[in-house]
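A.B. asks: Task: produce atomic coordinates for the following.
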Amino acid sequence: MQALASFRRWLFRLARDEQLPIILGQRRIFIVPTRAGTVFAVVLAVMLIGAINYNLSLGHALIFLLVGLGIVAMVHTFHNLFGLQMAPGRVQPVFAGDLARFPLHLENARRQSRRALEFSFAGQAANCVDLPAEGHATVAIACTTTRRGRLDPGRVTLASRYPLGLFRAWSYPHPTWSCVVYPRPIFTPLPAPSPNAHADHLHGDNGQEDFAGLRPRQISDPTRHIAWKAVARRSEEQALLVKQFAGGAAEELWLNWSQTPADRDPEERLSILAGWILAADDQQARYGLALPGTHIAPAQGDAHRASCLQSLALHGEDGESDQPR
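C.D. replies: Predicted coordinates:
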């Protein structure tokens with residue numbers, strides 16, 4: 001088995017392509033007749049037998065013409081891939097269950113266009129693209145995701161049957177790329193925010209420098225932020241008012257592993273945290289993430305959200321992919 005695997009790696013060049021751009025040379029392209037090509041060859045053989053049996057000169061001429069057409073088609077199919085240059089692009093993270101798209105930048109240095117190039121991963125639907133003469137194109141190769149972690153899609157199958165479909169030429173480029181797959185979010189109510197112990201130190205004794213107004217008090221609001229003077233002036237109203245601070249300096253939200261239901265599966269608990277992160281980001285709240293062995297300080301913004309979700313995706317992975325090859 002080891003010898004067979006080594007032979008397949010040597011034959012199909014299954015090692016990763018570290019050097020960029022990836023250029024398809026003669027030794028990296030394989031070509032075989034398709035089913036239509038096999039039927040075409042069988043028909044020509046039967047026609048040749050009939051032409052020889054009945055001594056038909058025009059039959060011989062037709063057969064040789066069709067054989068020449070088949071040979072020319074084989075050469076064009078091979079040259080449709082030969083010399084193609086490729087380079088992997090940046091892969092955007094996705095949530096488990098979504099399609100991950102791996103961009104591959106293509107460059108055609110020759111003066112003839114390349115037609116019907118099919119790109120796919122093993123067991124996935126193919127993406128077809130035409131590449132203009134001396135032009136560029138980008139194809140996004142789709143790959144299904146099932147679990148969180150770092151997804152390595154494996155080698156790419158590049159194939160072409162252009163122009164007549166009598167032959168199939170293919171190659172196995174293997175760019176160095178991967179995709180971070182976030183846990184599938186489960187949306188549950190956010191935990192209550194906690195007082196920001198550093199707010200007074202950073203913004204004065206009581207945070208008045210960032211005071212932005214008053215709003216009705218919610219159950220999760222700490223009592224120390226109640227505007228008692230404003231409440232006294234509006235004693236006829238039942239609703240309490242709390243001070244609102246710009247930039248979220250008054251309170252911060254900690255999304256802690258210990259706050260998730262302990263009876264849930266660990267993957268479900270990570271999915272709950274992912275839902276909390278998205279909900280907190282939608283509310284433009286200042287939030288932090290606490291996992292066993294990982295603490296991310298409270299912050300806001302797209303970069304902070306991506307950092308938190310990536311920590312969930314790679315939690316416990318130790319650099320190893322959680323995706324099936």
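
A.B. asks: what bits of this protein have low per-residue confidence?
C.D. replies: 1, 4-15, 194-215, 217-222, 224-225, 228-239, 242-251, 318-325 (pLDDT under 70).

A.B. asks: Any chance you could spot the residue sitting in the middle of it?
C.D. replies: Nearest residue to the geometric centre of the chain (Cα atoms, centre = their mean): residue 100, 3.0 Å.

A.B. asks: where's that residue, which helix or strand?
C.D. replies: Using DSSP states H and E, residue 100 sits within strand 99-107.

A.B. asks: That strand pairs with which strands, and in what direction?
C.D. replies: Strand 99-107 pairs in its sheet with strand 85-88 (antiparallel), strand 136-144 (antiparallel), by DSSP bridges.

A.B. asks: Show me which residues of that strand are buried.
C.D. replies: Within strand 99-107, the residues that qualify as buried are 100, 101, 102, 104, 106, 107, counting by 16 or more other Cβ atoms under 10 Å. No exception for glycine: its C-beta is placed from N, CA and C like everyone else's.

A.B. asks: nearest to residue 18, of those residues?
C.D. replies: Using Cβ to Cβ, residue 104 comes nearest to residue 18 of these, at 15.8 Å.

A.B. asks: OK, contacts around the closest one?
C.D. replies: Residue 104 is in contact with 86, 87, 88, 89, 119, 138, 139, 140, 141, 156, 175, counting by Cβ atoms under 8 Å, 6 or more residues apart in numbering.

A.B. asks: Confirm that the fifth one lies within a strand, as I assumed.
C.D. replies: What that stands for is residue 119. Yes. Assigned with DSSP: H, G, I helix; E, B strand; the rest coil, residue 119 falls within a strand.

A.B. asks: pretty sure it is touching residue 158, no?
C.D. replies: Yes. Between residue 119 and residue 158 a contact is recorded at 5.7 Å, counting by Cβ atoms under 8 Å.

A.B. asks: Between those two, which has more neighbouring residues?
C.D. replies: Neighbour totals were compared for residue 119 and residue 158, and residue 158 leads with 26 against 22 (other Cβ atoms under 10 Å).

A.B. asks: returning to what we had before: which of the contacts of residue 104 are buried, as a ChimeraX select command?
C.D. replies: The buried subset of the contacts of residue 104, as determined by 16+ other Cβ under 10 Å, is captured in ChimeraX by this line:
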select :86,88,119,139,140,141,156,175
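
A.B. asks: Quick one: the contacts of residue 104 as JSON lines, columns for distance to residue 184 too.
C.D. replies: Shown next, in JSON lines, are the contacts of residue 104 (distance: Cβ to Cβ, whole Å):
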{"residue": "86", "distance to residue 184": "31"}
{"residue": "87", "distance to residue 184": "31"}
{"residue": "88", "distance to residue 184": "26"}
{"residue": "89", "distance to residue 184": "25"}
{"residue": "119", "distance to residue 184": "27"}
{"residue": "138", "distance to residue 184": "28"}
{"residue": "139", "distance to residue 184": "27"}
{"residue": "140", "distance to residue 184": "22"}
{"residue": "141", "distance to residue 184": "22"}
{"residue": "156", "distance to residue 184": "26"}
{"residue": "175", "distance to residue 184": "27"}
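
A.B. asks: now, among the contacts of residue 104, which is nearest to residue 189?
C.D. replies: Using Cβ to Cβ, residue 140 comes nearest to residue 189 of the contacts of residue 104, at 36.4 Å.

A.B. asks: Quickly note the distance from that closest one to residue 154.
C.D. replies: 17 Å (Cβ to Cβ, to the nearest Å).

A.B. asks: Could you do residue 134 as well?
C.D. replies: As for residue 134, its distance to residue 154 is 31 Å (criterion: Cβ to Cβ).

A.B. asks: So the two - more neighbours on which side?
C.D. replies: Using other Cβ under 10 Å as the criterion, residue 134 and residue 154 rank with residue 154 on top: 16 against 12.

A.B. asks: Residue 176 is in contact with that one, correct?
C.D. replies: No. Using Cβ under 8 Å, residue 154 is not in contact with residue 176, being 11.8 Å away.

A.B. asks: What segments of the stretch 101-250 of the chain are helices?
C.D. replies: Along the stretch 101-250 of the chain, counting by DSSP state H, counting those that start in this stretch, helices occupy 199-203, 228-233.

A.B. asks: For residue 153, give me its contacts.
C.D. replies: 100, 102, 121, 141, 143, 177, 179.

A.B. asks: For it, grab phi and psi.
C.D. replies: When read as degrees, to the nearest 10, the backbone of residue 153 gives phi -70, psi -10.
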